[in-house]
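>>> here is my input; please provide its structure:
(chains A and B)
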Amino acid sequence: MRLLTFKGGIHPHDYKEKSKNSQIKRISPPDFLYLHLSQHTGTPSQPIVEKKEEIKIGQKIAEASGKLSVPLHSPVNGTYMGTTTYPHPLGGMKEAIKIQVNKENTEPFKEKKRTKIKNLSKTELISIIKDSGIVGMGGAAFPTYFKLQVPPSKKIKDLIINGIECEPYLTSDYRLMIEKPEEIMKGVDIIRRIVRPKNVWIAIEANKPDALHALRETDSQFPWAQFITLKTKYPQGSEKQLIDAVTGREIPEGGLPFDASAYVQNIGTAFAIYEAVYLDKPLFERVVTLTGNVRHPSNFLTPIGTPFEYLIEISEGIIGKLSKIINGGPLMGIAQSRTEIPVLKGTTGILIQNKKEYIEKNPRPCIRCSACVDACPMKLLPTEINKYIEMDNLEKAKYLGVLSCMECGSCSYVCPANIPLTQQFKIAKNRITKENK
Amino acid sequence: MLNISPAPHIKSTISTKKIMWSVVAALMPSFVYSVSIFGVRVILLTLLSIISAVGTEYIFKKVTKREITISDGSAVITGILLAFNISPNSPWWLPVVGSAFAIFVVKEVFGGLGYNIFNPALAGRAFLMASWPGLMAGNWKAPASGTLSGLPLQAFDGIAQATPLTLLKAHSGASIAQSLNSTYMLKSLFFGNVGGCIGETSAILLLLGALYLFIRKYADWKISLGYIGSVFVFSGILYYLGQTPTIPLFHILSGGVMLGGLFMATDMVTSPVTVKGRWIFGIGGGIICVLIRIWGGYPEGVSYSILIMNMFVPLLDKISEKQIFGR
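Numbering: from 1, shown residues only, chains lettered A, B, ... in the order given. Down below sits the predicted model:
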């Protein structure tokens, strides 16, 4: 059988073997947690607790504010220490809630099994999801309640559940699929009831047959689910490429998935929706893969706000001399300047690189090998665009589609001349958007 | 201190150097075979050609105070390919002059690796062709255990002094067509038991080397298929219309079609970067080659066909520039 896929992309070694067999392990929290008010795309949350107040696990500690925002909940029993400026994984210092963890009271969150879920209306479901603070768990952290409100004029033909996890190294979604297949499918059912698609596709890459198998085991309960295996290729987990691979339809330039009658939601998000709707449990912890050159690559169930250094410590440290701490995968993740960076709702993994790994080399002249052209999943001509950026001709770079670049890193990855294409496009995009303002 | 360089944080192991030296490796079977049929002089000529190419690049970079880049292997390729394009009977200075011209005028003056418009080795050959036509087109050598024409000596009068393509250019009529289209002839061409330039004689060994590059994706098979395929189809049409006495198989196996179509047209720097552009580049080159062979003044048209298509590369790159995802 010919496996479905999109055009372009790359085949890096996936290094998932490092952590794929490590069961999800709940960690005991550190002494302090730092919950950024800006966890998600949109307006930061607004704190609602008094300083020094005792707070309980799962308690709402910040409110959604503005049109695109979600609340925050405490991952632990502890003391609310007010807000402080703290390093943010996306760069700079931002306002964060500091919580002192109560080491005596380790009582876990009390799940409340919700009854009569079948009778809940679409609006009620969306409001539960919003109140639970759920955002896209695949990294983008876009508020899920907002995404679920598909304009009535747009009909969704295909709902795609994204179990691709195409970034090398990361295994948090994989572990969830192996360990919580039924819960995930129940979450998918909720999404299905809200967006009312014609087809529900559970999309998994060919390198994770056991994940597909685990989910498929549940399919007598979920007869509407269609399971598909896609060819293993990066960046297939990207929304645009996944929709193209599954349905053959391209989202129009500058459009959204529903413009192609499609809706995509990540495995981790489906699981969070399950917990919110079935157990009345808000999103205050998530699975984070800690991997790379650490002694024990692991998948940790981590309280939001846990500093990276704490996770590194409990996995017994780094192999070799530390070079990079990357928030996310090796292709799109951001190298951090400090070790105390806290986990966000969108933190899929932490990748540790030591000094022996990939050392930046001097760029050489482009030999027009076209590897970048073949790799670009957005069908751009990276080498041509770069030529115009170097000539400072942003008009032409824009005409050649630089704004469509999603910075997946494929072009830089393949370039034999070490030209930092992705970085160039990122800078050019920023300049163009600034000039337009 | 943490390293905070931007994503991506991993990189494929393919480098410019790796690509270039792989091309050199892919040319080796043809080189070794050429030594075996034309003698040790082939080694001398090829070495001189490489030394001249690399030396010229070195001196240019030194004089213009630029980074010395000779280890990237690109000048070595130019040296080998230029030697592959001259007769094994050539005087020692011919490849020296040709390679120096190729590197200095065609490559470095335009900005060095990546910036040249024309394939340096081909332009170097064109320069030698214009300057010393006698040495380039009338100074052949027969292979050790064969004939210059690839045919048995008794097959045809005057056969000793001509390569297959010069025979085709000089004669017409049924007898020559019969000999050139014979299985004997095609075998000589396929395995390389025939006279010609140093590196062009054996089709099978060139194909073997190119196959390695195709598999590693260091050369694009689409250009080669476009080029050789269109020589085949277009010469086939003209054969059918009675414009050429020889069958298409003769056309693709003789002269430089294999060397040019597999190793010169696929030069990354001087070919388009888009899939559509590459098909047009290859097919266009093949058609021009046949036009020159059949109606032009030269017996062979490979070099000029590729050089002409080189000029269209910037235009061909524009063809696909608007095909953006979702546009």
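>>> and for A:Thr302, the neighbour number?
Number of residues near A:Thr302 (other C-beta atoms under 10 Å in any protein chain shown) recorded here: 26. In this view, the C-beta of every residue, glycine as well, is placed from N, C-alpha and C.
>>> for it, helix, strand, or coil?
The local conformation at A:Thr302, judged by DSSP: H, G, I helix; E, B strand; the rest coil, is strand.
>>> show me what contacts the closest residue to chain A within the stretch 101-250 of chain B?
For the stretch 101-250 of chain B, the residue closest to chain A is B:Gly114, as judged by C-beta to the nearest C-beta, at 3.6 Å. By C-beta atoms under 8 Å, 6 or more residues apart in numbering or on different chains, B:Gly114 lies in contact with A:Pro365, A:Cys366, A:Ile367, A:Arg368, A:Ala417, B:Val269.
>>> how about 6 Å then?
Contacts for B:Gly114 (C-beta atoms under 6 Å, 6 or more residues apart in numbering or on different chains) come out as A:Pro365, A:Cys366, A:Ile367, B:Val269.
>>> what residues does the last one make contact with?
Taking C-beta under 6 Å, 6+ apart as the contact definition, B:Val269 lies against A:Ile367, A:Arg368, B:Gly114.
>>> want to throw these into a markdown table with pLDDT?
As requested, those are arranged in a markdown table below (pLDDT from 0 to 100):
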| residue | pLDDT |
| --- | --- |
| A:Ile367 | 96 |
| A:Arg368 | 95 |
| B:Gly114 | 94 |
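>>> of those, closest to B:Leu315?
Using C-beta to C-beta, A:Arg368 is the member of those that lies nearest B:Leu315, at 14.5 Å.
>>> what residues does chain B put near chain A?
Contact residues of chain B with respect to chain A, defined by C-beta under 6 Å from any C-beta of the partner chain, are listed as B:2-12, B:14-16, B:19, B:113-114, B:268-269, B:273, B:321, B:323-327.
>>> got a ChimeraX select line for the buried ones in the residues you listed?
Selecting just the buried residues from those in ChimeraX takes one command, with 16 or more other C-beta atoms under 10 Å in any protein chain shown as the test:
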select /B:3,6,7,8,9,10,11,12,14,15,16,19,113,114,268,269,273,321,324,325,326
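>>> in helices, which of the contacts of B:Gly114 fall?
Among those, no member falls in helices (criterion: DSSP state H).
>>> what's near enough to touch A:Ala262?
For A:Ala262, the contacting residues are A:Asp158, A:Ile243, A:Thr247, by C-beta under 6 Å, 6+ apart.
>>> looking at the residues you listed, state which has the most neighbours.
Neighbour counts for these (other C-beta under 10 Å) peak at A:Ile243, which has 25 neighbours.
>>> what kind of secondary structure is that residue in?
Taking three-state DSSP as the rule, one finds A:Ile243 in the helix state.
>>> how close does it sit to A:Leu212?
Between A:Ile243 and A:Leu212 the distance is 19 Å, computed by C-beta to C-beta, to the nearest Å.
>>> and what of B:Ala126?
Taken as C-beta to C-beta, the span from B:Ala126 to A:Leu212 is 58 Å.
>>> any idea which helix or strand carries the residue of the stretch 101-250 of chain B closest to chain A?
Element membership for B:Gly114 (DSSP states H and E) is empty, with no helix or strand holding it.
>>> look up phi and psi at it.
Dihedral angles phi and psi of B:Gly114 (degrees, to the nearest 10) take the values phi 100, psi -20.
>>> now it: how far from B:Met20?
Relative to B:Met20, B:Gly114 is positioned 12 Å away (criterion: C-beta to C-beta).
>>> one more: A:Lys379?
Summarising the geometry, the distance separating A:Lys379 from B:Met20, computed by C-beta to C-beta, is 28 Å.
>>> now do A:Asn418
A:Asn418 is 15 Å from B:Met20, where distance means C-beta to C-beta.
>>> who has more neighbours out of these two?
Legend: neighbour count by other C-beta under 10 Å for A:Asn418 and B:Met20, higher for B:Met20 (22 against 15).
>>> check which residues of the helix or strand containing A:Met185 are buried.
With elements taken from DSSP H and E, the one containing A:Met185 is helix A:181-195. By neighbour count with 16+ other C-beta under 10 Å, helix A:181-195 contains the buried residues A:181, A:183-192, A:194-195.
>>> check which helix or strand covers the residue in the stretch 51-200 of chain A positioned nearest to chain B.
Evaluated by C-beta to the nearest C-beta, the stretch 51-200 of chain A has A:Pro168 as its residue closest to chain B, separated by 6.8 Å. Assigned by DSSP H and E, A:Pro168 belongs to neither a helix nor a strand.
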